[in-house]
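[1] Predicted model, plus sequence, below.
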Amino acid sequence: MINFISDTVTLPTEEMFKSILNAELGDDVYGEDITVNTLESVAAQIVGMESACFMPSGTMANLSSILAHCPRGSKVLVGNESDIYIYEAGGASVCGGIVYEPIPTQADGSLSIPDLEKGFPVDKEDSQYALPALICLENSHNRCGGRVLPLNYLREVAEFAAKKDVPIHMDGARIFNASISLGIDIKEITKYVDSIQFCLSKGLSAPVGSIVAGNRLFIEKVRRIRKMLGGGMRQSGIIAAPALVALKSMVNRLEIDHANAKILAEGLSTIKGININPDLVETNIVSFDVTGLNISCFEFINEMKKNGVQFSEMGHNRIRAVVHRHITQKDINDTIKTIESLYCIPA
């Protein structure tokens, strides 16, 4: 099976498996797991933040961050196409009494300054309104096809947030893909936000876990919230060890995934009935639709699975293909040939 469902399907490397056997362990709830402590220190340094906290998942990482930033009864401004808004079960409302205000997401994954401005009441002293306490950005942007937020845009949002006296949290689940795409150090991105979460278990291929990073006081709050949510782990060096390997050895190879994603996009663009612009593929995610084939995305996905290729649905009749280290150029060529044999003749 050629599996384009997600980069979460990546398996640990041999080096990661070996690191588990040699990990120094302790009770992380008491701060005694040396491997976790090392991971958090390394992660904070990489993203240019004071401190970091190891999390079981990106969902818990984002939720803990929002709860740490926002008091009950406040609201968080999120993109209406963001993972936080769509795929994380409304956790901030359920657990924190925080209102989500969905902001229109532009095609490139950005939230325009005028639209963000509309999320702030004209009179913040008017008690009828929930007041914004946080702006959330997603980079790279999943449902927009892995698009990367430009630095000049991040600078504009940071200036806007400073004027409004609200922090910015970045859902950077695939932030390393963004930095590789831009060809810059990740710190050039994170300097425009107050906190960030990033996943270790996607393109970096670690088996489990995410990181939240920010200033020391913020991370202390996050750590307490993690415990409240049931995320306090014991000898979690078992999963921190392969995560360390991922950070040290798996980042630069993401360039290969980006190149293969471009090859896939260009191949799809030659098939009549498939709508895709290869020029918009910036990272490892390829988004396309098959309305021109006169079938639904679900029919296409089901038929392709029967023929050995797995895709996922991304809403609005779009299909997502995520390229990762288990996808080879041969897999991509075989995928294009399978689609051609099932549906159409190349244009």
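    The structure has been received and is ready for your questions.
[2] Could you use CA atoms for every contact and neighbour count after this?
    OK.
[3] how close does Ile186 get to Gln329?
    Remark: distance between Ile186 and Gln329 (Cα to Cα, to the nearest Å) = 28 Å.
[4] who's more crowded, these two?
    Legend: neighbour count by other Cα atoms under 10 Å for Ile186 and Gln329, higher for Ile186 (18 against 14).
[5] quick one: that one and Val47 touch, right?
    Yes: between Ile186 and Val47 there is a contact at 6.0 Å, judged by Cα atoms under 8 Å.
[6] Poorly predicted segments of the protein, please.
    345-347 (pLDDT under 70).
[7] Now do the domain split for it, please.
    Following automatic domain parsing, one finds the domains of the chain at 11-249, 253-343.
[8] The longest one: how far from the chain's middle?
    Right, domain 11-249. 9 Å (Cα atoms, centre = their mean, to the nearest Å).
[9] Likewise for the last one?
    When C-alpha coordinates are averaged (Cα atoms, centre = their mean), domain 253-343 and its chain have centres 20 Å apart.
[10] picking that back up, what's the closest of the domains of the chain to Ile5?
    domain 253-343 (4.8 Å; Cα to Cα).
[11] Pull out the buried residues from stretch 6-13.
    Ser6, Asp7, Thr8, Val9, Thr10, Leu11, Pro12, Thr13 (16 or more other Cα atoms under 10 Å).
[12] now, which of those sits nearest Gln235?
    Pro12 (18.9 Å).
[13] got a list of what the closest one touches?
    Taking Cα atoms under 8 Å, 6 or more residues apart in numbering as the contact definition, Pro12 lies against Ser205, Ala206, Pro207, Pro242.
[14] if we can go back for a sec, in JSON lines, list the domains of the chain along with distance to Ile2.
    Below are the domains of the chain laid out as JSON lines (distance: least, Cα to Cα, whole Å):
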{"stretch": "domain 11-249", "distance to Ile2": "14"}
{"stretch": "domain 253-343", "distance to Ile2": "5"}
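[15] Tell me which of these approaches Met1 most closely.
    Nearest of the domains of the chain (Cα to Cα): domain 253-343, 4.7 Å.
[16] end to end, how far does the closest one reach?
    End-to-end for domain 253-343, by Cα to Cα: 33 Å.
[17] Can you lay out the buried residues of stretch 6-13 as TSV showing secondary structure and distance to Lys221?
    Formatted as TSV, the buried residues of stretch 6-13 follow (DSSP: H, G, I helix; E, B strand; the rest coil; distance: Cα to Cα, whole Å):
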residue	secondary structure	distance to Lys221
Ser6	coil	31
Asp7	helix	30
Thr8	helix	28
Val9	helix	31
Thr10	coil	31
Leu11	coil	32
Pro12	coil	31
Thr13	coil	33
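[18] Of all pairs in those, which one spans the longest distance?
    Checking the buried residues of stretch 6-13 with Cα to Cα, the most distant pair is Ser6 and Thr13, at 17.3 Å.
[19] out of the buried residues of stretch 6-13, who's nearest Asn177?
    Using Cα to Cα, the buried residues of stretch 6-13 come closest to Asn177 at Asp7, 11.5 Å.
[20] Am I right that the closest one is in contact with Ala321?
    No: contact criterion Cα under 8 Å: Asp7 and Ala321 do not qualify, at 9.4 Å.
[21] Kindly indicate whether Cys53 is helix, strand or coil.
    strand (DSSP: H, G, I helix; E, B strand; the rest coil).
[22] next one: Ile339
    helix.
[23] In contact with Glu188, which residues?
    Glu188 neighbours (Cα under 8 Å, 6+ apart): Leu151.
[24] What separation do you get for it and Val94?
    34 Å.
[25] cool, Lys306 as well?
    39 Å.
[26] ditto for Asn62
    Distance from Asn62 to Val94, by Cα to Cα: 14 Å.
[27] Likewise for Ile219?
    Applying Cα to Cα to Ile219 and Val94 gives a distance of 22 Å.
[28] Quick one: the strands in this structure, in order.
    2-3, 51-55, 75-79, 99-103, 132-138, 168-171, 195-199, 210-214, 285-289, 309-310, 312-313, 318-322 (DSSP state E).
[29] So for Glu40, which of those sits nearest?
    strand 51-55 (5.1 Å).
[30] so what strands line up beside that closest one?
    Here strand 51-55 is paired, per DSSP bridges, with strand 210-214 (antiparallel).
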